[in-house]
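turn this into a structure:
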Amino acid sequence: MSGFSTIAILGAAGGIGRRLLSELRDRGHETIALDLPASLERHRLEGRSIAIDILDEASIENAFGELAGDGEGLDGFVNLAGYNARLTPLAAMDTGYFDDVIAGNLRGAFLAARAAKPLLERGRNASLVMVSSGLAAHVRPGYGAYSAAKAAIVAMTKTLALEWAPTVRVNAVAPGLVDTAFLRGGTGRSDEDGASVVDLDAYRGMTPLGRIALPDDVTGPVRFLLGEDSRFMTGQVLWVNGGGYMP
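Okay, the predicted model is just below:
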């Protein structure tokens with residue numbers, strides 16, 4: 001990022017979001033945190049916060065309408081929102097849960113990106129960073145709906161990169177497992193400290209770098225995509241997984 005920028009983060013109260021907020025603010029950037037009311041209440045983030053529910057189209061419109069009312073643009077927008085509460089084979093998955101996962105990880109990302117576009121067009125060298133997952137390509141049993149949603153995020157990233165060029169760059173990061181509340185039901189959608197839905201020891205054992213990712217393993221690549229060092233990149237995906245998946 002050249003100079004000080006204004007950056008909004010959707011899903012800012014999650015483990016990765018809180019770390020990203022801290023890093024950006026330490027570097028002098030203005031941040032706006034967007035997340036569920038319960039998440040914002042629980043984590044009490046520093047700086048400006050706006051409540052939003054990505055399952056509710058009106059909530060998304062209201063949140064970005066509030067930002068637009070400031071008369072300023074956004075130089076960056078990061079969409080970290082998403083969740084997957086349990087592992088279920090597709091043939092055993094009920095329709096309601098499938099629809100919920102698609103809505104929370106794909107439909108919400110579409111609605112938020114659409115709402116952010118006018119603000120990004122008013123920004124300086126604006127960048128949108130989407131968050132996909134290694135499961136978008138390296139599929140595993142039990143994650144069918146989530147994998148489908150995150151694969152669609154990759155396609156959406158590339159489409160937006162073409163449609164919004166040259167005004168706004170659009171890229172994505174696709175992490176493997178990160179040790180946050182996401183593994184325990186999701187920030188604001190669970191008690192955040194339950195048992196992991198994944199066998200962490202097994203995952204650690206099959207990862208070449210021998211550990212589970214931490215939030216700052218992901219925030220570095222996100223900041224890179226927001227900044228000037230990636231100014232000639234758009235439509236790209238950075239896979240962040242300790243070598244567990246090598247496309």
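
what's around residue 78, how many residues?
Residue 78: 29 surrounding residues under other Cβ atoms under 10 Å. Just so you know, the C-beta spots here come from the backbone N, C-alpha and C atoms, and that holds for glycine as well.

is the residue nearest to residue 242 when sequence neighbours are not counted in a helix, a strand, or coil?
Closest residue to residue 242 apart from its sequence neighbours, by Cβ to Cβ, 6 or more residues apart in numbering: residue 209 at 3.6 Å. For residue 209, the secondary structure call by DSSP: H, G, I helix; E, B strand; the rest coil comes out as coil.

how far away is residue 209 from residue 202?
Per Cβ to Cβ, to the nearest Å, residue 209 is found 15 Å from residue 202.

and those two? Which one has more around it.
Higher neighbour count among residue 209 and residue 202: residue 209, with 13 against 9, using other Cβ under 10 Å.

alpha carbons of stretch 99-115, in CSV - could you do that?
Backbone C-alpha positions of stretch 99-115 (Å, rounded to 0.1, in the frame of the first residue of the first chain) are rendered in CSV as follows:
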residue,chain,number,x,y,z
ASP,A,99,-28.0,-23.9,1.3
ASP,A,100,-26.6,-22.3,4.5
VAL,A,101,-23.0,-23.1,3.6
ILE,A,102,-23.4,-21.8,0.0
ALA,A,103,-25.1,-18.6,1.3
GLY,A,104,-22.5,-17.9,3.9
ASN,A,105,-19.5,-18.6,1.7
LEU,A,106,-20.5,-17.7,-1.8
ARG,A,107,-23.8,-15.7,-2.0
GLY,A,108,-22.5,-13.4,0.8
ALA,A,109,-19.2,-12.9,-0.9
PHE,A,110,-21.0,-11.9,-4.1
LEU,A,111,-23.3,-9.5,-2.4
ALA,A,112,-20.5,-7.9,-0.4
ALA,A,113,-18.2,-7.5,-3.5
ARG,A,114,-21.1,-5.9,-5.4
ALA,A,115,-21.8,-3.5,-2.6
